[in-house]
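1. One predicted model, sequence on top.
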Amino acid sequence: MELNQLEHFGYFNDLIKEMRKGNRLPIRTLKLIGSRKSGKTTAYQIFAVYMLLINEIKGDIYLIRNAVQDANELFKEVSELVQELGIVAMETNQTKRLIKYNGKQIRILGLESNQGGKTKVSKAKLGLATGRNKDYAVIVFEEAYEIDETKTYAIEEAVRGYKYFLTIYASNP
């Protein structure tokens, strides 16, 4: 597997360098807009896995999709990436859509489910991991235009205890 997506989005490399040093990030919000197959999703997935792998980075990653079904698919994609990279020591929990390694986690959340033609808001517990003794919380809203602004605000408020926050809004134009 080629990892050139990180070079395509060079700012992820820059963020990793700053995080390894424990520095405050130069940005708090990042808006990724790219067409389908532009590499934005692959880039932030690799970024998330690298955050787990690098010992000096103390932080957690929350990947958010509006639909539970899409969150399940995203969990599958990230799990496959972990396998492709040959990382066998990561603990995965498909039911909770959780990947853990080295005291850190990638948590993938779906906010709504469609049951019988009706949309129901998921009762996801967002603050499961506290930021105690951790520097960074990265929250990625995939297909951000699908998620109501009040939900994004509620999620940002639910993730607590970290020194630094980075919120990434990713969507197609």
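-> That came in fine, so what should we check first?

2. can we go C-alpha only for contacts and neighbour counts from here?
-> OK.

3. longest helix anywhere in this protein?
-> As assigned by DSSP state H, the longest helix anywhere in the chain is helix 68-84.

4. which residues in the protein form helices?
-> Assigned by DSSP H, the chain shows helices spanning 5-8, 10-20, 40-53, 68-84, 149-158.

5. most packed of those?
-> Comparing these by mean neighbour count (mean count of other Cα atoms under 10 Å), helix 40-53 ranks first with a mean of 20.

6. tell me the angle that helix makes with helix 10-20.
-> Here the directions of helix 40-53 and helix 10-20 differ by 10 degrees (axes from the mean of the first three to the mean of the last three Cα atoms, to 10 degrees).

7. got the contact list for the spatially most central residue of the chain?
-> With distances taken as Cα atoms, centre = their mean, residue 63 lies nearest the centre of the chain, 3.2 Å away. Each residue near residue 63 by Cα atoms under 8 Å, 6 or more residues apart in numbering is listed here: 106, 107, 108, 109, 139, 140, 141, 142.

8. switch to 6 Å and redo it
-> Shown in contact with residue 63 (Cα atoms under 6 Å, 6 or more residues apart in numbering): 108, 140.

9. Tell me the pLDDT of it.
-> pLDDT recorded at residue 63 is 93.

10. swap in the one 5 residues further on?
-> The confidence metric pLDDT takes the value 88 at residue 68.

11. Look up how far residue 23 lies from it.
-> Look at residue 68 and residue 23: by Cα to Cα, to the nearest Å, they are 34 Å apart.

12. Same question for residue 39.
-> Distance, residue 39 to residue 23, using Cα to Cα: 27 Å.

13. The two - which one has more neighbours?
-> Taking other Cα atoms under 10 Å, residue 39 and residue 23 do not tie; residue 39 has more neighbours (16 against 13).

14. Distance-wise, check that one relative to residue 146.
-> Taken as Cα to Cα, the span from residue 39 to residue 146 is 19 Å.

15. burial measure for the residue nearest to residue 15 when sequence neighbours are not counted, as a count.
-> Leaving aside its sequence neighbours, residue 15 sits nearest to residue 25 (Cα to Cα, 6 or more residues apart in numbering; 6.9 Å). Around residue 25 there are 17 other residues, counting by other Cα under 10 Å.
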